[in-house]
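1. any chance you can model this:
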Amino acid sequence: MIKLNAASIWKPSGNLILSPTSICFERFDRIGILAASGSGKTSLSKLLAGIDAPSTGSVELMFGPQTILGQENLLHPYMALDEALDIATKLLGLLHPNAVDSAMRFAHLTPPFPKKVIELSPIQKSNLAFALSIQRKSAWIIADDRLITNDPNRSALATAMIHSRLLNTGLVLITKNSSLISRFCSRFFALANAGLIPVRDTKIASAILRKEAA
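-> Numbering: from 1, shown residues only. Model (predicted):
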């Protein structure tokens, strides 16, 4: 369960991301939140994952901190690759080297390996971050904007890995991609006017966002 008790998010700049909201996501729910670019997707995902505290109110996480899928900043670009992978596995609570070996295979990385993270291509870095974070055991997957890797050669395998994890976890997908929400989610919201608005489907959510942008 993820429960918001009058929880709000204010940016340091003074912008309101989420007005005081009380809502409960039950375990195994598949939540899709349609949100426009710049609306606070990352801030909301960190709140729901238990990484950031709300500005006001509280958040209850029955099973502790959750996994934010992908985590593009998981591997520091200027670190040695082996050191960055070691730190990442410790942060995620994974067993090294098994987790790293699996992630390297998913990313199609073979010897000789790059010495630094910055030498990886954007797709290789994205694949590594996905393959590491998907291995973390948690009751929920929190996906910030993208659920599967953007590598077309690995999308089918990534989708299968997601479906396998969803047999035992809940999902909160916060994205501007309505088709992605329709594929994976069964309970829908629009993040608009600093509120989580429950809707019947993504068409209604899209209409709400268009009206807000007008």
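2. elements contacting the least confident helix or strand in the chain by mean pLDDT?
-> Lowest by mean pLDDT, DSSP states H and E among the helices and strands of the chain is strand 67-69, with a mean of 72. If you count contacts as 3 or more CB pairs under 8 Å, 6 or more residues apart in numbering; DSSP states H and E, strand 67-69 packs onto helix 41-49, helix 122-133, strand 140-144. For every residue, glycine as well, the C-beta is placed using N, CA and C.
3. check what contacts that strand and list those residues.
-> Residues external to strand 67-69 that are found in contact with it (CB atoms under 8 Å, 6 or more residues apart in numbering): 45-46, 49, 51, 92, 130, 133-134, 136, 138, 140-144, 146-147.
4. helix or strand right after it?
-> Of the helices and strands lying after strand 67-69 in sequence (DSSP states H and E), the nearest is helix 81-92.
5. show me the contacts for K3.
-> Contacts for K3 (CB under 8 Å, 6+ apart) come out as 23-25, 59-60, 62.
6. same list, those, but as a markdown table with pLDDT, neighbour count and secondary structure please.
-> What follows is the contacts of K3, written out as a markdown table (pLDDT from 0 to 100; neighbours: other CB atoms under 10 Å; DSSP: H, G, I helix; E, B strand; the rest coil):
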| residue | pLDDT | neighbour count | secondary structure |
| --- | --- | --- | --- |
| I23 | 94 | 13 | strand |
| C24 | 94 | 11 | strand |
| F25 | 94 | 19 | strand |
| V59 | 93 | 16 | strand |
| E60 | 91 | 12 | strand |
| M62 | 79 | 11 | coil |
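7. farthest pair in those?
-> By the measure CB to CB, the contacts of K3 have their two most distant members at I23 and M62, which lie 14.4 Å apart.
8. in CSV: the helices and strands packed on strand 67-69, plus mean neighbour count.
-> Below are these laid out as CSV (neighbours: other CB atoms under 10 Å):
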stretch, mean neighbour count
helix 41-49, 21
helix 122-133, 21
strand 140-144, 25
